[in-house]
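S.K.: need a 3D model of the following:
(2 chains)
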Amino acid sequence: MAETKAANPAVRPLFATQARWRPQEIAFWLLPIVAYVLFPDYLALARDVAIAALFALSLDLILGYAGLVSLGHAAFYGLGAYSAGLLAKAGWGEPFSGLLVAGAVAGILGLATSFLIVRVQHLALIMITMGVGFLLHEAANRAAFITGGDDGLQGVAIWPLFGKFTFDLYGRVAFIYALVVLFLVFLVARRLIHSPFGLSLRGIRENLVRMPAIGAPVQRRLQTAYTIAAVMAGIAGGLQAQTTQFVSLEVLSFERSADVLIMLVLGGTGRLYGGLIGAAVFIVARDQLSDMNPFYWYFWMGLLLVLVVLFARGGIIGGAERIWTLLRHRIGGRT
Amino acid sequence: MSDIALATVDLSKSFGALNATRAVNFALPVGARHALIGPNGAGKTTLINLLTGLLAPSAGRVLLAGQDVTRLRPDLRVKRGLTRTFQINTLFPELTALEAVTLAVCERIGVAGDWRRPVQKYRDAVAEAHDILSSLNMAQWCEQRTRQLAYGRQRMLEIALALATRPKVLLLDEPAAGVPSGESEELFQVISALPGDIAILFIEHDMHLVFRFASRIIVMVSGQILLEGTPAEIAADRRVREVYLGNAAIRHG
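M.R.: A predicted model of the protein is given here:
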């Protein structure tokens, strides 16, 4: 029993180190600042990355942590985009409150559909999430008198940030705005996954059947997670509407649901940063490759996806982690 | 009835024409050390699933500390002190042993829905989880992922998860299943040393263990209780010999 006493003090740091900021993380968050300085001509692209990263982060919460596969996550993104867009068009262009409205409206849909989501698994789950996505897309198409239909929602006028910083042509304000919102939501998500609730979600992902046997109300946990993810996706959509001052039907498209799933898998699921890195790779690759040939770029994305899933379990982050450990062992072996 | 921890009244379950459980009546007193035996297909696991709420009975009732829980959700039965372990390991492969047990403790004390504070703020929960693992000689493995643990350690973790719920009634579904005989003794010692106020129903094929552990034995055949009695009575009963025990096991009576 002496060994158990000795091991006890080592336990608390275990959970504590999980939640502590690591140097790699701080380095990661310096990257967008570097990008701002080095690539002033690519700020619109960088803004798209930040928004897509937020969207992918919201999917990671339910897919990576709770194990819920969704092919209709664009429903919340799109609803958030239209909420923020319509609010601004109706005359209230204040950005932050607009984002809150976008998140709230998407969250209400998330809560409503969560009652369906928790009743099904596997294929049925994919079909239901996809079905809800189609329903919203078609509804927005039909309600052209509100949404503008195929022409998109025009006349979205966003007021300056804090009444001071006008959204400029170079996209500086838009980029900083999107980045700050991403970071704030990320802080919430980061806190959440290191909480008992986050542990509970991982438990559900690892073994749904066992959870009730340790007294966990699985359905309520999943509904909470789904609703929070919907709020985050709605905020991402709202950001897009506000920073582009336009909403097209495409925000609700199936392709957007599929793309965000690809980004997340590419970066690595259940790793918090996977969606962020995946979004950056995806958006930059799309930009560069479709410059060469606008129709051909999905070929390369398909190839990359196959390679990553086959050879880098855990996505880009998982692969990088393995290479890192390998290198460290090599170096450690020599010295 | 307050000294009865768990009881059933005419509990029945049929799958189509098959009567998996037929009008089962039994009572588990507080602090009981009972065993449930029976040949494969006798309906032992079905009974456990009925008791814990994984299956809904066709008829009959389940009483936990005198209260009817027949329609209660499985997780709420756990909250009221009815916990089980599983015959086949059903653990959380990517969680460490400590994370898994901490999760179970958090669920019990009702903080697992908290998404604002990090886990380590719940020092008492983490410490309790560590204590449970230590008491099962698992301390040195508590930071290992479950899937990396040896099979015997995983069986131990099953018990640790159950203990974290602070059960009043514990249903042990073949806790030593698949464990090599050398290690099953350690497992048996752990089970024997469980707190005396927990009522335990022990389902096991290994008659050595059953006769050493149980003060009373319930014999189940074809979905019915054939007989209940002390180990000596069970070993002496001719019907039991015929349907189940065989000559080899009688020596241990």
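
S.K.: for A:Leu43, give me its contacts.
M.R.: By CB atoms under 8 Å, 6 or more residues apart in numbering or on different chains, A:Leu43 lies in contact with A:Tyr36, A:Tyr170, A:Gly171, A:Arg172, A:Ala174, A:Phe175. Using the backbone N, CA and C atoms, a C-beta is placed for each residue, glycine as well.

S.K.: that one: which element?
M.R.: helix A:43-60 (DSSP states H and E).

S.K.: how far does that helix sit from the chain's center?
M.R.: Helix A:43-60 has its C-alpha centroid displaced from the chain centroid by 7 Å (CA atoms, centre = their mean, to the nearest Å).

S.K.: among the contacts of A:Leu43, name the buried ones.
M.R.: Buried members of the contacts of A:Leu43, scored by 16 or more other CB atoms under 10 Å in any protein chain shown, are A:Tyr36, A:Gly171, A:Ala174, A:Phe175.

S.K.: quick one, grab the pLDDT at A:Trp324.
M.R.: In this model, A:Trp324 is scored at 89, pLDDT.

S.K.: tell me the secondary structure for it?
M.R.: helix (DSSP: H, G, I helix; E, B strand; the rest coil).

S.K.: burial of it, as a residue count?
M.R.: Neighbour count of A:Trp324, defined by other CB atoms under 10 Å in any protein chain shown: 11.

S.K.: so who does it touch?
M.R.: Contacts of A:Trp324 by CB under 8 Å, 6+ apart: none found.

S.K.: go on, B:Val169?
M.R.: B:Val169 neighbours (CB under 8 Å, 6+ apart): B:Ala5, B:Leu6, B:Leu28, B:Leu64, B:Gly81, B:Leu82, B:Thr83, B:Ile198, B:Ala199, B:Ile200, B:Leu201.

S.K.: could you list the low-pLDDT ranges of the chain?
M.R.: The chain I'm using is chain A. Low-confidence segments of chain A, defined by pLDDT under 70: A:1-14, A:16-17, A:333-335.

S.K.: wait, chain B
M.R.: B:1-2, B:244-253.

S.K.: helices along that one, start to end?
M.R.: For chain B, helices defined by DSSP state H occupy the ranges B:44-52, B:74-79, B:97-109, B:123-135, B:151-164, B:181-192, B:207-213, B:231-236, B:238-240, B:246-250.

S.K.: could you look over these and pick the most buried one?
M.R.: Among those, ranked by average contacts under mean count of other CB atoms under 10 Å in any protein chain shown, first place goes to helix B:97-109 (a mean of 27).

S.K.: ok and it relative to helix B:151-164, angle-wise?
M.R.: Here helix B:97-109 points in a direction 20 degrees away from that of helix B:151-164 (axes from the mean of the first three to the mean of the last three CA atoms, to 10 degrees).

S.K.: which elements pack onto helix B:97-109?
M.R.: helix A:2-19, helix A:196-206, helix B:123-135, helix B:151-164 (3 or more CB pairs under 8 Å, 6 or more residues apart in numbering or on different chains; DSSP states H and E).

S.K.: what two of the contacts of A:Leu43 are the furthest from one another?
M.R.: A:Tyr36 and A:Ala174 (11.8 Å; CB to CB).

S.K.: which stretches of chain A form strands?
M.R.: Taking DSSP state E as the criterion, chain A carries no strands.

S.K.: distance of the closest residue to A:Thr243 other than its chain neighbours from A:Phe186?
M.R.: In this structure, A:Thr243 finds its nearest non-sequential neighbour in A:Ala174, 4.0 Å apart by CB to CB, 6 or more residues apart in numbering or on different chains. According to CB to CB, to the nearest Å, A:Ala174 stands 18 Å off from A:Phe186.

S.K.: next: A:Ala56.
M.R.: Distance from A:Ala56 to A:Phe186, by CB to CB: 11 Å.

S.K.: show me the contacts for residue 181.
M.R.: I went with chain A, as the question did not name one. Counted by CB under 8 Å, 6+ apart, A:Val181 has contacts A:Ala50, A:Leu54, A:Leu99, A:Ile235, A:Leu239.

S.K.: now the residues you listed in CSV, with neighbour count and distance to A:Thr325?
M.R.: Below are the contacts of A:Val181 laid out as CSV (neighbours: other CB atoms under 10 Å in any protein chain shown; distance: CB to CB, whole Å):
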residue, neighbour count, distance to A:Thr325
A:Ala50, 28, 30
A:Leu54, 29, 30
A:Leu99, 25, 40
A:Ile235, 29, 35
A:Leu239, 29, 36
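
S.K.: now, among those residues, which is nearest to chain B?
M.R.: Ranked by distance to chain B (CB to the nearest CB), the contacts of A:Val181 are led by A:Ile235 at 16.7 Å.

S.K.: residue contacts, that closest one?
M.R.: Listed by CB under 8 Å, 6+ apart, the contact set of A:Ile235 reads A:Leu54, A:Gly80, A:Leu99, A:Ala102, A:Gly103, A:Ala106, A:Val181, A:Val185.

S.K.: same check, this time on A:Ile126
M.R.: A:Val69, A:Ser70, A:Leu71.

S.K.: can you name the residues that contact the second one?
M.R.: With CB under 8 Å, 6+ apart as the criterion, the residues that contact A:Ser70 are A:Leu59, A:Ile62, A:Leu63, A:Leu125, A:Ile126, A:Thr129, A:Ser257, A:Leu261.

S.K.: same thing with the last one?
M.R.: Listed by CB under 8 Å, 6+ apart, the contact set of A:Leu71 reads A:Ile126, A:Thr129, A:Met130, A:Gly133, A:Phe254, A:Ser257, A:Ala258, A:Leu261.

S.K.: report how many residues lie close to the nearest residue to it once chain neighbours are set aside.
M.R.: Spatial nearest neighbour of A:Leu71, excluding adjacent residues (CB to CB, 6+ apart): A:Met130 at 4.4 Å. Burial measure for A:Met130: 19 neighbouring residues, criterion other CB under 10 Å.

S.K.: ok, now how distant is A:Met130 from chain B?
M.R.: 27 Å (CB to the nearest CB, to the nearest Å).

S.K.: so that residue makes contact with A:Gly72?
M.R.: Yes - the pair A:Met130 / A:Gly72 is scored as a contact, 4.7 Å apart, by CB atoms under 8 Å.

S.K.: need the residues touching each of those two.
M.R.: Here A:Met130 and A:Gly72 have A:Phe254, A:Ser257 as joint contacts, going by CB under 8 Å, 6+ apart.

S.K.: nearest to A:Arg205 among the contacts of A:Val181?
M.R.: A:Leu54 (21.5 Å).

S.K.: can you give me every residue that contacts the closest one?
M.R.: Contacts of A:Leu54 by CB under 8 Å, 6+ apart are A:Ala178, A:Val181, A:Leu182, A:Val185, A:Phe186, A:Met232, A:Ile235, A:Ala236, A:Leu239.

S.K.: what's the first one in contact with, if anything?
M.R.: By that I understand A:Ala178. So A:Ala178 contacts A:Arg47, A:Ala50, A:Ile51, A:Leu54, A:Leu239, A:Thr243 (CB under 8 Å, 6+ apart).
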